[in-house]
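Participant: Mind folding the following:
(chains A and B)
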Amino acid sequence: MGPGGLARLHGLFAAYKPPGLKWKHLRDTVELQLLKGLNAGKPPAPEQRVRFLLGPVEGSEEKELTLTAASVPTLTDHPLDSMVRNPRVQPAPALGSVRLHPWNEVTTWPRPILGAASFIEERDPVCFFPVCGPTFTSLKVGVGHRLDAQASGVLVLGVGRGRRLLTDMYNAHLTKDYTVRGLLGKATDDFCEDGRLVEKTTYDHVTREKLDRILALIQGSHQKALVMYSSLDLQTQEAYEMAVRGLIRPTDKSPMLITGIRCLHFAPPEFLLEVQCMHETQKQLRRLVHEIGLELKTTALCSQVRRTRDGFFTLDDALLRTQWDLHSIQDAIQAAAPRVAAELEKSLRPEPGTQQLPGLGRPWDSKGPSSGLGLESCAGH
Amino acid sequence: MALSAQQIPRWFNSIKLISVITAPQLRQCSQRAGKTLLCGFSAQPQMSSDNFFLQWGFKTYRTSSMWSGCQSANSGRQESNSARSTLLPSVNEQSQKTQKTPNFDSELSLEGLDDLPPLSPLQPVSEEEAVQIIAAPPLPPVSFTLRDYVDHSETLQNLVLLGLDLSKIEKQPDAANLLLRLDFEKDIKQILLFLKDLGIEDNQLGTFLTKNYAIFSEDLENLKTRVAYLQSKNFSKADIAQMVRKAPFLLSFSVERLDNRLGFFQKELQLTVKKTRDLVVRLPRLLTGSLEPVKENMKVYHLELGFKLNEIQHMITKIPKMLTANKRKLTETFDYVHNVMSIPHHVIVRFPQIFNTRLFKVKERHLFLTYLGRAQYDPAKPNYISLDKLVSMPDEIFCEEIAKASVRDFEKFLKTL
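Facilitator: Numbers count the residues shown, from 1 in each chain, chains lettered A, B, ... in the order given. Have a look, this model is predicted:
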């Protein structure tokens, strides 16, 4: 596998981070599994070294000595298996009848020591380099938008040259999809179920309409913030058309911007929200749930934050824990590569002022939440 | 070295040339004057000059040791000397060389003093002599890896062929020095034969010695005493072989220490002698590892998790690894199994395997079964799922037989967690 395997390993792929696992541990596990897979491949051909050996001159009557060059395998890079399986592969140079010092003899490897030849063949087929160690000892794996320990969902990882694409993804300011599960009636200090309980309230007065109204308010205010941070003058025609098509993006760092939020399921005390946002942290999403509870004149905490989409990586692309091995990751990288290239190129292309950008309705953005309240601008976010 | 060359006055240069050129001829057992000249000048009190001579002498020894056609008795010894001493710092090199120069000097004094003119490097040399001058690159005197010496040391090559992983051993400090200083015939062979007699197979020697290469510096008598002690405690030969294989450092423990540890386990766990023996044979690293985690885990089981002593004994005889498990993982697993899955103590005792599995596996499978409505862990009720079936099976079998769903469904469910 060796060099070929590594070549197919440059790029981006998505893993599903289960809840309770730190993102760093995930990254380390992926790196270890990749190294295991790479080191298990076929070893490269062993190195040879040239030694000049004394031997009698061919076809001379007197006992003259001359040097002959012979290519001898070194023991340094030699994997033990192939050495034993082909004991007569190395050529023995023509030495003639001169009895040489043992160090100058080209021995046919291996020299059997206590029956060494017989036992080594039974060893694992995993390549074993007894002197120089395994070929691959570290691999550069980077993580895209991080997820904290209690959150779960799609986590984008970049291997090798793919790490550069992570920066491009970051600069493209793509949105992310979350499903957030909330619980009415309690409030804790860190907005999670296992935090210290601060307050308990009733929630009988909460209805779906009230919730939807609050969510629409939130979406509207964040929309205004989005326009502000994108430094666009909405009075111009181009800006309006971009806004209608849902192409406004912030130019640089900004606080959390929610481009879309809606309620998927409401069964008090539980409710399920779908949030499309960018520049967020999971803690801010939990705080959002808490603030929705406050707006509803009750309290709420967040029981689950799950990322279902990160840019153009969806749940279907995410690899589960059982699939974190070399082959699955290579296949995932190869499958995602053309899509990644196309989308990043589109995102990072500078938007010309008056030119209509054709066919830029991004499929993942167009199926955003329909707020159902008739907001005029950016309904498609 | 360049510095010392400048320091040495001019008249040494002629001697220097003699030492280089006559040494090869020395190897051919011919008598030259240069040797006695060296003899005379080696008595000079100047340390720097001595060093210079010694260094030149060492170089010629090394190159000559790799030559063919030398039948001198020194060659074998010097070759092993050179292989051994290469990892020593340069200070020790001096002491090594001073050991060699007496040999040199003794040889020199045997020969008579012929008066040959000093040879110049520009003088033509005969073909045979030219062919026999080998200027191989010298071995590095100090190195961070054994790769540089493997091709030149018979000991190392034999060890590699045995299956030792030098790349792991050289990471330990002082290990490489120890290995290079060993002589295969004297030290290593005896220990290897002893290990073979003990019952360790050839293919297991490699992994054993990679872990415990220090056994080469142990005294063979001590090792035999320890094995005799184990036999006196009624461990069979096969048992001892298995213990030594699984816990390579066992034979490096003194008899007294082994005795203490066996006594500790018997007292702490309050098991019979036979059960202690079985326990130790199954997990011999209990004897070689630290005892603090074992003491702590016993307290955890008894006080924190609330198991009775006979329950703990039963669990430990089934899964000895529980004694050395991580305390935090133990408590987390027990917390989930007892409080979330509502499994009482007596059911857990029957399936101690649950403490040996990863917590995420238990959680995922339990949540899946709960989602399907099949999470039934009470033996009295129908559709009972035992804990070992929950954790010990691979995913496919678990999904098919226990959950009665497909692996795809399980994966989809996992992505909703």
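Participant: which secondary structure element contains the residue nearest to residue A:191 when sequence neighbours are not counted?
Facilitator: Computed as C-beta to C-beta, 6 or more residues apart in numbering or on different chains, the closest residue to residue A:191 that is not its neighbour in sequence is residue A:286, at 3.8 Å. For every residue, glycine as well, the C-beta is placed using N, CA and C. Taking DSSP states H and E as the definition, one finds residue A:286 inside helix A:282-295.
Participant: Identify the residues contacting that helix?
Facilitator: A:147-148, A:150-151, A:178, A:180, A:182, A:184, A:187, A:190-192, A:211, A:214-215, A:217-218, A:256, A:258, A:273, A:275, A:277, A:299-302, A:305 (C-beta atoms under 8 Å, 6 or more residues apart in numbering or on different chains).
Participant: Filter these down to the ones in helices?
Facilitator: Among these, the ones falling in helices (DSSP state H) are A:211, A:214-215, A:217-218.
Participant: just those residues that are near chain B?
Facilitator: For chain B, no contacts are drawn from those by C-beta under 8 Å from any C-beta of the partner chain.
Participant: Who wins on neighbours among those?
Facilitator: Highest neighbour count within these, by other C-beta atoms under 10 Å in any protein chain shown: residue A:215, with 24 neighbours.
Participant: ok, the residue lying closest to that one once chain neighbours are set aside - how many residues close by?
Facilitator: Nearest in space to residue A:215, with sequence neighbours left out and distances taken as C-beta to C-beta, 6+ apart, is residue A:261 at 5.0 Å. Close neighbours of residue A:261, defined as other C-beta under 10 Å, add up to 25.
Participant: Quick one: residues in contact with the one helix or strand residue B:370 maps to.
Facilitator: Assigned by DSSP H and E, residue B:370 belongs to helix B:359-372. Contact partners of helix B:359-372, identified using C-beta under 8 Å, 6+ apart, comprise A:18, A:20-21, A:321, B:329, B:332-333, B:336-337, B:340-341, B:354, B:375, B:385, B:390-391, B:398, B:402-405, B:410, B:413-414, B:417.
Participant: same thing but 7 Å
Facilitator: Helix B:359-372 is touched from outside by A:18, A:20, B:329, B:332-333, B:336-337, B:341, B:354, B:375, B:385, B:390-391, B:398, B:403, B:405, B:410, B:413-414, B:417, with contacts defined as C-beta atoms under 7 Å, 6 or more residues apart in numbering or on different chains.
Participant: check contacts around residue 348.
Facilitator: Reading this off chain A. Applying C-beta under 7 Å, 6+ apart, the residues near residue A:348 are A:168, A:171-172.
Participant: Chain B is the one I meant
Facilitator: If you count contacts by C-beta under 7 Å, 6+ apart, then residue B:348 has B:337, B:354 around it.
Participant: again with residue A:191
Facilitator: Per C-beta under 7 Å, 6+ apart, neighbours of residue A:191: A:286-287, A:289-290, A:301-302.
Participant: Show me which of these are buried.
Facilitator: Buried members of these, counted by 16 or more other C-beta atoms under 10 Å in any protein chain shown: A:286, A:289-290, A:301-302.
Participant: For the residue in the stretch 101-250 of chain B positioned nearest to chain A, grab the count of nearby residues.
Facilitator: With C-beta to the nearest C-beta, the shortest gap between the stretch 101-250 of chain B and chain A falls at residue B:167, namely 3.2 Å. Neighbour count of residue B:167, defined by other C-beta under 10 Å: 18.
Participant: does residue A:263 count as helix, strand or coil?
Facilitator: Three-state assignment for residue A:263 (DSSP: H, G, I helix; E, B strand; the rest coil): strand.
Participant: ditto for residue A:199
Facilitator: Under three-state DSSP, residue A:199 comes out as strand.
Participant: Not counting sequence-adjacent ones, nearest residue to it?
Facilitator: residue A:187 (4.2 Å).
Participant: from what I can see the one you found touches residue A:195, true?
Facilitator: No: the pair residue A:187 / residue A:195 is not scored as a contact, 9.1 Å apart, by C-beta atoms under 7 Å.
Participant: More neighbours: which of the two?
Facilitator: residue A:187 (18 against 14).
Participant: Pull the contacting residues for that one.
Facilitator: Counted by C-beta under 7 Å, 6+ apart, residue A:187 has contacts A:198-199, A:290, A:293, A:299, A:301.
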